[in-house]
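1. no FASTA, just this:
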């Protein structure tokens with residue numbers, strides 16, 4: 001603990017990490033016995049507690065979304081739902097080992113399967129492009145447990161301990177990340193480390209499978225600037241490069257569950273055509289995606305506030321208009337940290 005305080009890490013991290021240790025270890029068995037309505041109520045109470053530790057980042061991101069338009073609901077309601085959903089989605093990770101083909105329909109419903117099936121009928125695979133919106137990881141059991149062969153391009157949770165070692169990492173958090181990775185590996189997909197070789201992702205598409213990837217991750221070597229939520233955003237070119245090189249169909253997709261609803265909706269929308277350049281293609285996708293954020297901001301606020309907090313260690317900040325960070329790595333230092341994270345190997 002002394003080392004944590006010496007490095008200037010927030011005391012709130014200790015509270016969150018102790019809670020995480022309880023939930024990911026002895027608490028897992030309990031969570032799996034809790035029915036959905038009770039879990040929702042617990043998430044509401046827990047979200048209020050977490051919010052007391054500080055909500056400046058989330059509040060400022062919400063206000064930035066609606067700088068030039070009216071909020072769909074009162075600010076206080078949106079923030080309360082954002083904290084409730086964040087905790088609920090985190091708790092559901094503990095249920096991953098218990099999801100299977102016989103139970104998945106009680107947790108997720110897939111809408112727009114006809115778009116996915118039509119894409120796969122062409123034989124070049126399909127990319128379901130998502131953002132960190134809602135319980136985005138639920139796309140993996142929702143598709144995998146109903147028979148689709150799928151790979152997911154993402155960062156194994158333990159690599160974040162390296163990426164954020166000076167600004168967030170504690171021994172407790174490292175153990176929580178390791179446990180989360182053990183649970184994610186129980187999902188019915190092939191995990192492809194975004195910081196390492198991407199050949200398995202291309203092979204899945206070549207075999208006419210499904211590739212899940214997020215457009216708003218922090219890794220990458222080349223970047224493109226787009227208009228997003230009324231701001232200038234920096235996005236990695238990697239998803240667009242995979243899309244163009246593979247020739248696979250691109251299906252913008254989101255996962256949503258309103259507080260109190262029993263199931264997540266995995267919504268696969270119609271195929272997006274390549275627009276001629278990576279920049280134009282990305283902009284077309286983002287235009288579709290931001291409409292969902294404007295309608296349901298509570299589903300995206302956790303991610304936006306996280307990217308705001310890590311702006312000092314990102315190779316490229318997610319948005320250009322962030323205030324200066326207390327600790328700012330230069331791009332070379334940030335790239336070196338990502339390189340070290342890419343060297344992570346399990347066991």
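-> Thanks, I have the structure now. Being a predicted model, the structure only gives us computed values, none of them experimental.
2. Could you use CA atoms for every contact and neighbour count after this?
-> Noted.
3. Residue 96 touches residue 184, doesn't it?
-> Yes. Here residue 96 lies in contact with residue 184, judged by C-alpha atoms under 8 Å, at a distance of 7.0 Å.
4. in the chain, which spans are strands?
-> Secondary structure of the chain (DSSP state E): strands located at 108-111, 126-130, 150-154, 190-193, 210-214, 223-228, 231-236, 249-256, 264-268.
5. so how far is the fifth one from its chain's centroid?
-> Strand 210-214 has its C-alpha centroid displaced from the chain centroid by 12 Å (C-alpha atoms, centre = their mean, to the nearest Å).
6. Direction included, what does it pair up with?
-> For strand 210-214, the paired strands and their directions (DSSP bridges) read strand 126-130 (parallel), strand 150-154 (parallel).
7. could you list every residue that touches the nearest residue to residue 169 once chain neighbours are set aside?
-> Sequence neighbours aside, residue 161 is the residue nearest to residue 169 in space, at 5.4 Å (criterion: C-alpha to C-alpha, 6 or more residues apart in numbering). The contact partners of residue 161, taken as C-alpha atoms under 8 Å, 6 or more residues apart in numbering, are 168-170, 173-174, 177.
8. tell me the contacts of the residue nearest the centre of the chain?
-> Centroid check for the chain by C-alpha atoms, centre = their mean gives residue 132 as the closest residue, at 3.2 Å. The neighbours of residue 132, taking C-alpha under 8 Å, 6+ apart as the test, are 214, 216, 300, 303.
9. And residue 147, by the same measure?
-> Taking C-alpha under 8 Å, 6+ apart as the test, residue 147 contacts no residue whatsoever.
10. Return the per-residue confidence for the residue nearest to the centre of the chain.
-> Predicted confidence (pLDDT) at residue 132: the value is 97.
11. quick one on the thing from earlier: if we only consider the contacts of residue 161, which is nearest to residue 226?
-> Using C-alpha to C-alpha, the shortest approach to residue 226 within the contacts of residue 161 belongs to residue 168, at 28.7 Å.
12. do you know how far that closest one is from residue 140?
-> 28 Å (C-alpha to C-alpha, to the nearest Å).
13. Just give me the neighbour total for residue 85.
-> Around residue 85 there are 27 other residues, counting by other C-alpha atoms under 10 Å.
14. What of the one 5 residues further on?
-> Around residue 90 sit 16 other residues, with neighbours defined as other C-alpha under 10 Å.
15. And for residue 138?
-> 24.
16. my guess is it contacts residue 256, does it?
-> No. The pair residue 138 and residue 256 does not pass the contact test of C-alpha under 8 Å, sitting 9.5 Å apart.
17. Now the common contact residues for these two.
-> 264, 266.
18. and the closest residue to residue 281 other than its chain neighbours, how far is that from residue 329?
-> Of all residues beyond its chain neighbours, the one nearest residue 281 is residue 275 (4.7 Å), with distances taken as C-alpha to C-alpha, 6+ apart. Using C-alpha to C-alpha, residue 275 is found at 34 Å from residue 329.
19. Residue 233 too?
-> Separation of residue 233 from residue 329 (C-alpha to C-alpha) stands at 19 Å.
20. Compare neighbour counts for the two and give me the winner.
-> In terms of neighbours (other C-alpha under 10 Å), residue 233 is the more surrounded of residue 233 and residue 329; the figures are 19 against 15.
21. Mutual contacts of residue 96 and residue 184, please.
-> When contacts are counted by C-alpha under 8 Å, 6+ apart, residue 96 and residue 184 have no shared neighbour.
22. picking up where we left off before, pLDDT score for the residue nearest to residue 281?
-> The predicted local confidence for residue 275 comes out at a pLDDT of 96.
23. Please look at it and residue 285 and confirm they touch.
-> No. Shown here, residue 275 and residue 285 do not form a contact pair, counting by C-alpha under 8 Å, at 9.9 Å.
24. which one of these two has more residues nearby?
-> Set side by side, residue 275 and residue 285 give different neighbour counts by other C-alpha under 10 Å, the larger being at residue 285 (20 against 13).
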